[in-house]
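Chemist: Sequence and predicted model, in that order:
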Amino acid sequence: MLSKVAIGVLNHLLAGEDWPRERLKTFAGQTVQVTLGTLVLPLEITADGLFAAGDKNETATVNITLPADAATRLLTDRASLLAAAQISGSADLAECLGFTFRNLRWDGESDLARLVGDIAARRLVGGGKQVFQWHRQQVTNLALNLAEYFTEENPSIARRQDVSAFCAEVESLHEPLGRLEKRIAALESNAI
């Protein structure tokens, strides 16, 4: 069930553009196995550059193992998801898949336009972006306010400049302490 949904989503993204399907057509018949924890998704590249369900028992041309936090990385930082993925197998196919997934974008406005029309879709997507930006700004403001509270008003966390000053003072004591140790060692050797 889950594999059918994942394949459907991948194929929907690929169907929106011609270039990724053209790139994938050259690898028709080859297989990819995507692993996320205990979830294993075997895929086969079809002659039209889309994905179909593959055979779990077949040795995959390329194996991709995603990190445990793949869902979070997919939503927040796709580049880090691709960088954290472990890929083994055919270098040509792996490079093609990497390029495709780095550059493939979902056109949500186009999909929404089929339901509500072009103008409404444009306004809904624009409004959604504004709401998302507002929420992100509020989270940033909250984090900055909490940091200021815990460093200035209720100093339970040291400020960066205070830590830097402390480290500089400790470092400045390093050389005089070394000289003192040498003097003590010299006095002890003279006393014997």
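Modeler: Looks like it came in fine. These numbers were taken from a predicted model, which means no experiment stands behind them.

Chemist: just the strands in the chain please.
Modeler: Counting by DSSP state E, the chain has strands at residues 31-36, 39-45, 51-53, 62-65, 86-89.

Chemist: got those strands as JSON lines, with mean neighbour count columns?
Modeler: Heads up, the C-betas are built off the backbone N, CA and C, glycines and all. JSON lines is the format used below for the strands of the chain (neighbours: other C-beta atoms under 10 Å):
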{"stretch": "strand 31-36", "mean neighbour count": "20"}
{"stretch": "strand 39-45", "mean neighbour count": "19"}
{"stretch": "strand 51-53", "mean neighbour count": "15"}
{"stretch": "strand 62-65", "mean neighbour count": "20"}
{"stretch": "strand 86-89", "mean neighbour count": "14"}
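
Chemist: would TSV of the ones you listed with distance to residue 155 be doable?
Modeler: Converted to TSV, those look like this (distance: least, C-beta to C-beta, whole Å):
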stretch	distance to residue 155
strand 31-36	43
strand 39-45	46
strand 51-53	55
strand 62-65	44
strand 86-89	43
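
Chemist: any weak-confidence spans in the chain?
Modeler: 1-2, 192 (pLDDT under 70).

Chemist: Tell me which residue lies nearest the centroid of it.
Modeler: residue 80 (2.9 Å; C-alpha atoms, centre = their mean).

Chemist: before we move on, back to that, closest to residue 7 out of the strands of the chain?
Modeler: strand 51-53 (5.3 Å; C-beta to C-beta).

Chemist: Distance check, residue 44 against residue 20.
Modeler: Distance check for residue 44 against residue 20: by C-beta to C-beta, to the nearest Å, it reads 16 Å.

Chemist: cool, residue 102 as well?
Modeler: Taking C-beta to C-beta, one finds residue 102 at 11 Å from residue 20.

Chemist: Tell me the spacing between residue 51 and residue 26.
Modeler: Relative to residue 26, residue 51 is positioned 15 Å away (C-beta to C-beta).

Chemist: Between residue 102 and residue 20, point out the one with more neighbours.
Modeler: Using other C-beta atoms under 10 Å as the criterion, residue 102 and residue 20 rank with residue 20 on top: 22 against 10.

Chemist: and the more buried one, how far is that from residue 30?
Modeler: Distance, residue 20 to residue 30, by C-beta to C-beta: 15 Å.

Chemist: Return the residues in contact with residue 10.
Modeler: By C-beta atoms under 8 Å, 6 or more residues apart in numbering, the contact set of residue 10 is 43, 50-51.
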